[in-house]
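> predicted structure and sequence below. I'll ask about it afterward.
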Amino acid sequence: MNAIYFYRLAHFFHKHKVPLLPNLLKAVIFLLFNSVVPPSALIGKESRFAYGGIGVVLHGKSLIGRRVIIGQGVTVGRKLDPMGVPVIGNDVYISTGAKLLGAITVGNNVIIGANAVVLHDIPDNSIVAGAPARVVRVVEGSIYDYLKDIY
């Protein structure tokens, strides 16, 4: 069981303007996974939550690309600026407990380390870690070469 399945269904109903059902499914996600995954968030195809999506909090205007893996306890949200929401590219691995905050852009082919606090843009093909997060390595190939058997 994974929260992404409930999200996909809720997003379908939200997109087709079906009343009540999106919010009902959002509540089911909260009750089962202790996560807030609004149906208005945009999560790309083939993206998924690790460990079912336990403790994940996403802003309702989040934009998340394709083939993104989101670990447990991850927060994707805004800072005090109401318009500043992260945009996450394709082929990104967001490790456990990471926080992505504000009007930032995460490039493609990126690994975000556990408990990293991302407050600035992340370039393509990088591995970031720390609080605040900074680039610790540049990736030559696909991140999934580093994350064996994860996808």
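That came through, no problem. Residues are numbered from 1 along each chain as shown.

> from residue 4, how far off is the residue nearest to the spatial centre of the chain?
For the chain, the residue nearest the mean C-alpha position is residue 70 (5.0 Å; Cα atoms, centre = their mean). Between residue 70 and residue 4 the computed distance is 9 Å (Cβ to Cβ, to the nearest Å). The C-beta positions use only the backbone N, C-alpha and C, and glycine is treated the same way.

> give the residues shared as contacts by these two.
47-49, 53 (Cβ atoms under 8 Å, 6 or more residues apart in numbering).

> now, those that are in strands?
48-49 (DSSP state E).

> quick one: which of the shared contacts of residue 70 and residue 4 is nearest residue 86?
Here the nearest of the shared contacts of residue 70 and residue 4 to residue 86, counting by Cβ to Cβ, is residue 47; it sits at 14.1 Å.

> you'd agree the closest one is up against residue 65?
Yes: between residue 47 and residue 65 a contact is recorded at 7.2 Å, counting by Cβ atoms under 8 Å.

> name the SS class of residue 32, please.
helix (DSSP: H, G, I helix; E, B strand; the rest coil).

> same check on residue 7?
Per three-state DSSP, residue 7 ends up helix.

> mind listing the strands for this structure?
Under DSSP E, the chain gives strands at 42-43, 48-49, 57-58, 63-64, 69-70, 75-77, 87-88, 92-94, 99-101, 105-106, 110-112, 117-118, 126-129, 134-138.

> tell me which of these sits nearest to residue 27.
strand 57-58 (14.7 Å).

> distance from the centroid: which residue in the protein tops it?
residue 19 (25.5 Å).
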